[in-house]
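# no letters, just coordinates:
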Ligand code: NAP
């Protein structure tokens, strides 16, 4: 094959790969087509790798094969982690992606110096700064999510000034390098300063805000890869990085909106610090609890039940038991639907993924706004390991940290039942007035065990319909 024909084939393969990435993003936005989306993304990535390897500029494969083997050796076990560990796994993937973008940028700098133009230096400098800060930031995020590092935000006075000064220093070093590309000793200092900024950026953010941070870091890693595409003159990297960067950014915006938080609040608000709250007053209030038997009889007497799953269902891996509950109630003629809050759990789509894994029909998963209009006509709202996403203080208490966050209005259902292990708060660290309502029954226990008990009671002959 002539060199021209080969180049044309490579370019066409890149176009097909990019189409695969775009379709992947489109299909991933609905649970119905998500599997297809994953496949399209995988095919796109495989095509991009094959086309790159076919490039005549690749002179030998030895190091590439070694790198591929190391990457696969790390990637395969990472892909097999439990669903609850996916946020930290994702953080590690971003860390590796950003590290590789940063290392390639560093290599390009040393290869191109001293013939680097000012523009070329600016491209490499920006790319390496973003890649380096994303690397350390993502490692800290993974450490917090895995609870190797403290989850609480670690803060001190003047923190934001210190952090922003460090970022400013990295940018000044980059500008100095653009003006004097021959001051090569400044380059490693710039890299180290950017690495330090990544640590300073993420350390003050609470563990539970990490999914939003990860999504933001994902977008940084994407933009860094896109910049690298300009440096390497790789069109596929420019486009793939831009898609990654912009989709990560859009996702972060969606998550912030669903939590009614601003970017600044997530990044600099140190959310999750121990709050001086009215907890002592709340403790004195009483709640009503019920047994699995009582819960089963209330559920089987209902016509309409709304199940609201949350983080606790994910922790307990209760989704299969929830499916059994859905089957048992449906068999008794009860209309069961699932209210899905956009930030229930700890990552976007968390509940959809778990319920899909348990084969619960998609048309039974109802988005928040639709569910809310139906909740006043619902006999029982059964909350399984959810807390903040059902907290009416978000509507009523202007002093609450979650005030203004859209919630599932479960308190409007005729009866509310809540499965959780204790009176401990959820992610926001605040009490939930829902638990003290007259219509609320607390079902204390592990989500999987308690739902299993209710199913047993139901199959042991509930009152029927
Ligand atoms: P949540 O407010 O964190 O509450 C989860 C509840 O589950 C806890 O109160 C806990 O109570 C209970 N629980 C834990 N383990 C359990 C088990 N084994 N069995 C039964 N219950 C268990 O969760 P959420 O209502 O799903 O709300 C999500 C929160 O995360 C929101 O505040 C949201 O803003 C935040 N967030 C979400 C995302 C996202 O993308 N989804 C991203 C960032 C932040 P006990 O300890 O008493 O059992």
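Cool, got the structure. Computed from a prediction, not measured in an experiment: that's the story for all the values here. Numbering: from 1, shown residues only.
# make it CA atoms for all contacts and neighbour counts henceforth
OK.
# can you list the residues of this protein near the ligand?
208-209, 211-212, 259, 310-312, 315-316, 343-348, 385-389, 419-428, 446-447 (C-alpha under 6 Å from any ligand atom).
# in strands only, show me the residues you listed.
Counted as lying in strands by DSSP state E, out of the residues of the chain next to the ligand, are 419, 420.
# now the residues of the chain next to the ligand: which count as buried?
208-209, 211-212, 259, 310-312, 315, 343-348, 385-389, 419-420, 426-428, 446-447 (16 or more other C-alpha atoms under 10 Å).
# so where's this protein shaky on pLDDT?
Along the chain, the model assigns pLDDT under 70 to residues 208, 269-284, 461-465.
# I'd guess residue 286 is in a strand, am I close?
No. Remark: residue 286 does not belong to a strand; assigned using DSSP: H, G, I helix; E, B strand; the rest coil, it is coil.
# contacts only, for it.
residue 436 (C-alpha atoms under 8 Å, 6 or more residues apart in numbering).
# list the buried residues for the helix or strand hosting residue 48?
Residue 48 is part of helix 34-53 when elements are defined by DSSP states H and E. For helix 34-53, a neighbour-count test (16+ other C-alpha under 10 Å) marks 34, 36-45, 47-48, 51-53 as buried.
# looking at the residues you listed, which is nearest residue 292?
residue 34 (35.5 Å; C-alpha to C-alpha).
# once you drop chain neighbours, what's closest to the closest one?
residue 28 (4.2 Å; C-alpha to C-alpha, 6 or more residues apart in numbering).
# what about residue 167, distance to the ligand?
25 Å (C-alpha to the nearest ligand atom, to the nearest Å).
# give me the neighbour count for that residue.
As a burial measure, residue 167 scores 23 neighbours (other C-alpha atoms under 10 Å).
# and if you look at the one 3 residues further on?
The local packing of residue 170 (other C-alpha under 10 Å) involves 26 other residues.
# how much does the strand or helix carrying residue 11 deviate in direction from helix 34-53?
Element membership of residue 11, judged by DSSP H and E, is helix 3-28. Counting by axes from the mean of the first three to the mean of the last three C-alpha atoms, to 10 degrees, helix 3-28 lies at 160 degrees to helix 34-53.
# tell me what helix 3-28 is packed against?
helix 34-53, helix 235-258 (3 or more C-alpha pairs under 8 Å, 6 or more residues apart in numbering; DSSP states H and E).
# do that again at 6 Å, thanks
Counting contacts by 3 or more C-alpha pairs under 6 Å, 6 or more residues apart in numbering; DSSP states H and E, helix 3-28 packs against helix 34-53.
# list the buried ones in the helix holding residue 11?
Within helix 3-28, judged by 16+ other C-alpha under 10 Å, the buried ones are 7, 10-11, 13-18, 20-25, 27-28.
# so that helix versus helix 235-258, what angle?
10 degrees.
# starting at the chain centroid, how far to helix 3-28?
Taking C-alpha atoms, centre = their mean, to the nearest Å, one finds helix 3-28 lying 27 Å from the centre of the chain it belongs to.
# closest residue of the stretch 51-200 of the chain to the ligand?
Nearest to the ligand, among the residues of the stretch 51-200 of the chain, is residue 87, at 9.3 Å (C-alpha to the nearest ligand atom).
# host element of that residue?
Using DSSP H and E, the element containing residue 87 is helix 86-112.
# also residue 124?
When elements are assigned from DSSP H and E, residue 124 belongs to helix 118-145.
# mind listing what's buried in that helix?
Buried residues in helix 118-145 (16+ other C-alpha under 10 Å): 120-145.
# could you identify the helix or strand that succeeds that helix?
Next along from helix 118-145, by DSSP H and E: helix 159-179.
# can you spell out which helices and strands pack onto the following helix or strand past that following helix?
Once the chain leaves helix 159-179, the next helix or strand it forms, by DSSP H and E, is helix 186-202. Using 3+ C-alpha pairs under 6 Å, 6+ apart as the contact test, the elements touching helix 186-202 are helix 118-145, helix 159-179.
# the closest residue in space to residue 442 that isn't next to it in sequence: how many residues sit nearby?
Spatial nearest neighbour of residue 442, chain neighbours left out: residue 289 (4.3 Å); criterion: C-alpha to C-alpha, 6+ apart. Here the count is done by other C-alpha under 10 Å, and residue 289 has 16 residues near it.
# give me phi/psi at residue 289?
Here is the backbone geometry of residue 289 (degrees, to the nearest 10): phi -120, psi 160.
# ok, it to residue 163 distance?
48 Å (C-alpha to C-alpha, to the nearest Å).
# same deal with residue 169?
On the measure of C-alpha to C-alpha, residue 169 and residue 163 end up 10 Å apart.
# again, but for residue 343
Counting by C-alpha to C-alpha, the gap from residue 343 to residue 163 is 29 Å.
# and for residue 436?
Going from residue 436 to residue 163 by C-alpha to C-alpha gives 43 Å.
# do residue 209 as well
18 Å.
# which helices and strands sit right next to the helix holding residue 124?
Against helix 118-145 (3+ C-alpha pairs under 6 Å, 6+ apart) you get helix 86-112, helix 159-179, helix 186-202, helix 210-232.
# which residues make contact with the shortest one from outside it?
Looking back up the chat, that one is helix 186-202. Outside helix 186-202, the residues that touch it by C-alpha atoms under 6 Å, 6 or more residues apart in numbering are 129, 132, 133, 136, 137, 163, 167, 170, 173.
# okay, these in TSV with distance to residue 59 next?
Formatted as TSV, these follow (distance: C-alpha to C-alpha, whole Å):
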residue	distance to residue 59
129	29
132	28
133	32
136	32
137	35
163	43
167	38
170	35
173	35
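# tell me the SS of residue 416?
strand.
# what's around it, how many residues?
Residue 416 has 24 nearby residues by other C-alpha under 10 Å.
# show me the beta-bridge partners of it.
Under the criterion DSSP bridges, residue 416 forms beta bridges with residue 381, residue 440.
# would you quantify the distance from it to the ligand?
Distance from residue 416 to the ligand, by C-alpha to the nearest ligand atom: 15 Å.
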